[in-house]
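Chemist: Pasting a predicted model and its sequence here:
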Amino acid sequence: MKLSKIYKAYIAGFVDGEGCIRVHREPIIRGRRKTLYYCLTVGIANTRLGILKKLNTLYGGHLCLQSRGKDTVRQKIWNWKVCGKNAGIFLLDIYKYLIIKKQEAKKGIEFYKLKLKFGHKYRNNRFNKKEIKIMDRYYILLKNLKQRGKNG
């Protein structure tokens, strides 16, 4: 579905204000072999379910209600998260409209393109040491960009 420039700018505002762009890193153990799994992830938390449902329809992902324990006074907060290829496509769609998280998105898009270059290896997780080192660099870089004041 083709989105208007205005809608892309609107969504970019949500990401700038309520979003998170990161590389998810998780150890995978299969028998005696241990490797790392890396995935571009974009998430948005908001009290407005409608817009998050729309994003979930357009880009896929996962939508869930954030637990607030026994707090029944405050509004419900919904979380939408998209990973992998769909996260890359999402960032490409909104990139030019981002302001605060533009640098994070740029690195996220670089990571997405890098993973495309490495090929689809999710099923067997057989990245070589050089590929893992490069992906780990992006994991650390995006983590560091989240430090206060580094992303605009």
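Modeler: That came in fine, so what should we check first?
Chemist: Let me see the residues that make contact with the host helix or strand of K113.
Modeler: In the assignment (DSSP states H and E), K113 maps to helix 102-118. For helix 102-118, the external contacting residues (CB atoms under 8 Å, 6 or more residues apart in numbering) are 15, 21-23, 38, 40, 42, 84-85, 87-88, 91-92, 94-95, 98, 127, 131, 134-135, 138, 141-142, 145-146, 150-152. Quick note: C-beta positions are derived from backbone N, CA and C, even for glycine.
Chemist: Could you rerun that using 6 Å?
Modeler: Applying CB atoms under 6 Å, 6 or more residues apart in numbering, the set of residues contacting helix 102-118 from outside is 21, 23, 40, 88, 91, 95, 98, 131, 138, 141-142, 145, 151.
Chemist: Narrow those to those in strands?
Modeler: I21, V23, L40 (DSSP state E).
Chemist: Can you select the buried ones among those residues for me in ChimeraX?
Modeler: Here is the ChimeraX command that selects the buried residues among the ones in strands among the contacts of helix 102-118 (16 or more other CB atoms under 10 Å):
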select :21,23,40
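Chemist: as a whole number, average confidence for stretch 20-38?
Modeler: Taken as a whole, stretch 20-38 has a mean pLDDT of 84.
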